[in-house]
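Undergrad: I need the structure of the sequence given here:
(chains A and B)
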2 protein chains.
Amino acid sequence: MSDGARLTDPPRKKDERNGTTAQRRGPLTSSTGQGTPERPESGGSRLDPHHDRYAERARSMTASEIRALFAVASRPEVVSLAGGMPYLRALPLEEISALVARLLAEQGAEALQYSSGQGDPQLREQICTVMSLVGIAAHPDEVVVTTGSQQALDLVTRIFVDPGDVVLVEAPSYVGALGTFRSFQAEVRHVAMDGQGLVPEALREALAQLRGEGRQAKFLYTVPSFHNPAGVTAPAARRAETLAICREAGLLVLEDDPYGLLGFDGAPPRAIRADDDEGVVYLGSFSKTFAPGLRVGWALAPHAVRDKLVLASEATQLCPSAYSQLTVSAYLRTQPWQEQVKVYREVYRERRDAILAALTDLMPPGSTWTRPEGGFYVWLTLPEGIDAARMLPLAVSERVAYVPGSAFYAGPVLPDEARRSMRLSYCYPEPDRIREGVRRLAGVVERELELRATFGGRNETSAGTAGPAADTA
Amino acid sequence: MSDGARLTDPPRKKDERNGTTAQRRGPLTSSTGQGTPERPESGGSRLDPHHDRYAERARSMTASEIRALFAVASRPEVVSLAGGMPYLRALPLEEISALVARLLAEQGAEALQYSSGQGDPQLREQICTVMSLVGIAAHPDEVVVTTGSQQALDLVTRIFVDPGDVVLVEAPSYVGALGTFRSFQAEVRHVAMDGQGLVPEALREALAQLRGEGRQAKFLYTVPSFHNPAGVTAPAARRAETLAICREAGLLVLEDDPYGLLGFDGAPPRAIRADDDEGVVYLGSFSKTFAPGLRVGWALAPHAVRDKLVLASEATQLCPSAYSQLTVSAYLRTQPWQEQVKVYREVYRERRDAILAALTDLMPPGSTWTRPEGGFYVWLTLPEGIDAARMLPLAVSERVAYVPGSAFYAGPVLPDEARRSMRLSYCYPEPDRIREGVRRLAGVVERELELRATFGGRNETSAGTAGPAADTA
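TA: Prediction:
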């Protein structure tokens, strides 16, 4: 497939603030086959008459070259282990069609009208019921409905982060959160994870270092359940320890929990927010338990913070979509939505099993990976010397796609382990396609290892030019 | 109605940046009767443990006391001339119900999935067709679909405005735009309008003053057609002169055109963007031509700006709702949408006629008002000495609501004419209700004038305490 080579053709832009190429999460959700058009890279300063007028924050908004690659990766012949798209064919589309038809016929003038900035009152009650499943006792008045939980992330960052403010995030971390933090010019500091999530000692060290600098972080951003991208889950004791550290330091916790109900074994993990209603802002989403195209998520926040979030949301969009909100509300009210979550769980469990079996059977020695107990993702670390970002164009030309580990770090310092890592999503392809994708990936890795054994050092042949990794490091 | 008095009970907050009470547009769209809960005022610093952690921009986000009033104004016994809600009962809800049912049954897995950050390609083509009606020849690749045009305003401001940057806006201006500019800490400078829109000489003066200060504005924000709130429309010659001034000064024009197709006479006004494709960012919306609950709007921008807008949108929300976008797209494809716009026009024309007749018949001498040729709003200026914001609680207790003129100015300096002005929306109530609302309003004004004639000077009796106007001045 000759398109592999041209993926690195567009000139790469340096992030003007920290010397790294922007790593953004756009591509991770754009491989829908809906025809995301390829665009010329942004930032062509000499051709842009408005170049001198942009805000400082816009200067760090540059398109990743990974974006161009994903336009290719969305082709049907490519097995994409890259995107985090839910498997919507598991949904009862006929029933949803019927309930929306009723909604519009009976409440159309309300569903299509402006609504309140905080969100539909009945939906906020239902959201409290959803959160009770992860141990949270909340009042609807503390809930702000948002345009997906990405917007909740944006609003929280908007009200807390001034340029240069420090936020603490896991290493690796959700690429969409990194993009939001970057867009508000935050200084991101990573805190190490292990197989049980965030490492408490690393958090203590990060806080001590900040104290030593006379600084304070604005918040800790954490995904304790079925982590994106790491595929790990913090056990209860680890959560308690994290919360205790944050309380002692007076550090706000931003708990992002899109996958909490998608565990494969036992009850959903108890949210950190369940044990602290003043020091934690909790973000939830219907994107994975129902459907992402509705763009309905929420933030649960203490009253004063909630007020600011509503004001920020109104300044951003007036109000969230009544159409989407009332659709979700009617779905929760009329459909066996918890049974549907079980269906999703079984679909994803089967795919998790498929990818773990394929990795065990096919990956060359020296590869390691996490064993997710829920959610969408496996974090794969390749043998030393492999550069996952540099290898990506070759992988796409061999019809398999993934997201290189480097995308999940803010940079500029990238641990060697991150450079040879990648996120594999098992949520979307059928199990046999997953196995085929891992087979192709293993083949690419073996070829890289062979080239490395033959020529030593870095393999420059895979893309013809230096790949994205050289910049994201 | 005893609730009138308590509307001024909550303590008023001063905007910490410029000494004015925050004027926000939230209330204008929240009077839907959906039960927007009244909330305690935000910013209670002594009770908020997070108070010291907010970003600088969040300090200027405070709730207007007008907000509390609108919870009362949404009661059915109140004639609300305040909100800008389209009259959705004019929509063919059965047909829309059927088309959405088909959409979900046939394309559900696409309509409910993540999609591209720039927006659905087919919808972007359709948007170009819509824009051709105001004279714009555009390519779908230049269009970014947004969560309502409010989000487009937010994204444009996000990419262009650093704290303290100057933006030029009409006087008065759309309250939602003022809220967005404030949330990005812009310095808003008003430029006078007359019955033909923005006054070119005032624009020249504002630019000369900036040059004298060694500064440049980031853009001019203008609503040339059927202005919100002023109800005036710039004729072609005025638009051409405005554009020529901006071109000469190298000033970007941000043209907001939600009402462009809702003119009552003749062809829609030609957009400023139709005559300049590099120096104008054009914002459009389906909120008034179809329905606002879908939250679908767009920005049309030169390529480099478009790139930044997409990146900013992705950082904010990943992607606009596929569900809403495909609904709008199917509506445009399968329904006689231009006929529907004509239906809307006739509805609003009849209401415009009703409000102008009622104003002529009922308002006391010394009142003046604009005569809108399209859109939703009349700008009413009361006799000297009346303070429209101060009078609002009394008006609501007399079961009529409006938005005081002061809400449409950034402050801190408020022209006397603004203080005695208000925006009247004729879009939502039936004509006989409009007349009844104007009758009530005229009664309140007459009472104020009598009290003023009897006691002289300011009337302190209407609300028991100083009303909002004292702070918005």
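Undergrad: Describe which strands the helix or strand hosting A:L168 pairs with in its sheet and in which direction.
TA: Assignment of secondary structure by DSSP states H and E places A:L168 within strand A:166-171. Neighbouring strands of strand A:166-171 in its sheet, by DSSP bridges, are strand A:187-194 (parallel), strand A:217-222 (parallel).
Undergrad: Which pLDDT value does the model give A:G266?
TA: pLDDT, A:G266: 88.
Undergrad: If you could redo that for A:S74, that was the one I meant.
TA: Per the predicted model, pLDDT is 76 at A:S74.
Undergrad: thought it was touching A:V396?
TA: No - the pair A:S74 and A:V396 fails to qualify as a contact (CB atoms under 8 Å) at a distance of 10.5 Å. In short, each C-beta sits where N, CA and C put it, glycine included.
Undergrad: Which one of the two is surrounded by more residues?
TA: A count of neighbours by other CB atoms under 10 Å in any protein chain shown puts A:V396 above the other of A:S74 and A:V396, at 25 against 20.
Undergrad: next structured bit after whichever helix or strand that one is part of?
TA: Element membership for A:V396, per DSSP H and E: helix A:388-397. Per DSSP H and E, helix A:388-397 leads on to strand A:400-401 as the next helix or strand towards the C-terminus.
Undergrad: immediately after that following strand, which helix or strand?
TA: Downstream of strand A:400-401 (by DSSP H and E), the next one is strand A:403-404.
Undergrad: That following strand pairs with which strands, and in what direction?
TA: Here, using DSSP bridges, strand A:403-404 pairs with strand A:421-425 (antiparallel).
Undergrad: list the buried ones in the helix or strand following the partner strand?
TA: Going down the chain from strand A:421-425, the next helix or strand is helix A:431-455, by DSSP H and E. Under the neighbour-count criterion of 16 or more other CB atoms under 10 Å in any protein chain shown, helix A:431-455 has A:431, A:433-442, A:444-445, A:447-449, A:452 buried.
Undergrad: between helix A:431-455 and helix A:388-397, how big is the angle?
TA: Angle of helix A:431-455 versus helix A:388-397, following axes from the mean of the first three to the mean of the last three CA atoms, to 10 degrees, is 120 degrees.
Undergrad: chain center to helix A:431-455, what's the gap?
TA: Centroid separation for helix A:431-455 versus its chain: 25 Å, with CA atoms, centre = their mean, to the nearest Å.
Undergrad: Need the contact partners of it.
TA: A:79-81, A:350-351, A:353-355, A:357-359, A:362-364, A:367, A:382-383, A:385-386, A:391, A:394-395, A:398-400, A:402, A:424, A:426, A:429, A:459, A:461-462 (CB atoms under 8 Å, 6 or more residues apart in numbering or on different chains).
Undergrad: tell me the contacts of the residue nearest to A:A105 when sequence neighbours are not counted?
TA: Among residues not flanking A:A105 along the chain, B:S97 sits closest, at 4.3 Å (CB to CB, 6 or more residues apart in numbering or on different chains). Counting by CB under 8 Å, 6+ apart, B:S97 touches A:V100, A:A101, A:R102, A:L103, A:L104, A:A105, A:G108.
Undergrad: Helices along the stretch 1-150 of chain A, start to end?
TA: Using DSSP state H, counting those that start in this stretch, the helices found in the stretch 1-150 of chain A span residues A:3-6, A:56-59, A:65-73, A:93-111, A:121-132, A:148-160.
Undergrad: cool, the stretch 251-400 of chain A as well?
TA: Secondary structure of the stretch 251-400 of chain A, counting by DSSP H, counting those that start in this stretch: helices at A:303-317, A:322-334, A:337-362, A:388-397.
Undergrad: CSV please, covering those helices and showing distance to B:H139 and mean pLDDT.
TA: Output for the helices of the stretch 251-400 of chain A, formatted as CSV (distance: least, CB to CB, whole Å; pLDDT from 0 to 100):
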stretch, distance to B:H139, mean pLDDT
helix A:303-317, 26, 95
helix A:322-334, 28, 98
helix A:337-362, 39, 98
helix A:388-397, 28, 94
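Undergrad: Kindly reformat these as CSV containing distance to B:S183.
TA: Formatted as CSV, the helices of the stretch 251-400 of chain A follow (distance: least, CB to CB, whole Å):
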stretch, distance to B:S183
helix A:303-317, 4
helix A:322-334, 23
helix A:337-362, 35
helix A:388-397, 36
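Undergrad: Which one of the strands paired with strand A:166-171 lies nearest to B:A304?
TA: Nearest to B:A304 among the strands paired with strand A:166-171 is strand A:187-194; the distance by CB to CB comes to 26.5 Å.
Undergrad: who in the stretch 251-400 of chain A is up against chain B?
TA: Proximity of the stretch 251-400 of chain A to chain B, by CB under 8 Å from any CB of the partner chain, involves residues A:252, A:278-279, A:287, A:291-295, A:302-305, A:307-308, A:310-312, A:314-324, A:327.
Undergrad: now those: which count as buried?
TA: A:252, A:279, A:287, A:291-295, A:302-305, A:307-308, A:310-312, A:314-324, A:327.
Undergrad: Geometric centre of chain A: which residue is closest?
TA: When CA atoms, centre = their mean is applied to chain A, the residue found nearest the centroid is A:Y174 (3.9 Å).
Undergrad: Go ahead and confirm that one touches A:A230.
TA: No - using CB under 8 Å, A:Y174 is not in contact with A:A230; the gap is 9.8 Å.
Undergrad: and A:V145, what does it touch?
TA: Each residue near A:V145 by CB under 8 Å, 6+ apart is listed here: A:Q118, A:G119, A:D120, A:L123, A:R124, A:I127, A:V296, A:G297, A:W298, A:P320, A:Q325.
Undergrad: per-residue confidence at the second one?
TA: Note on A:G119: pLDDT of 97.
Undergrad: Next, count neighbours for it.
TA: A:G119: 25 neighbours (other CB under 10 Å).
Undergrad: Great, nothing more from me.
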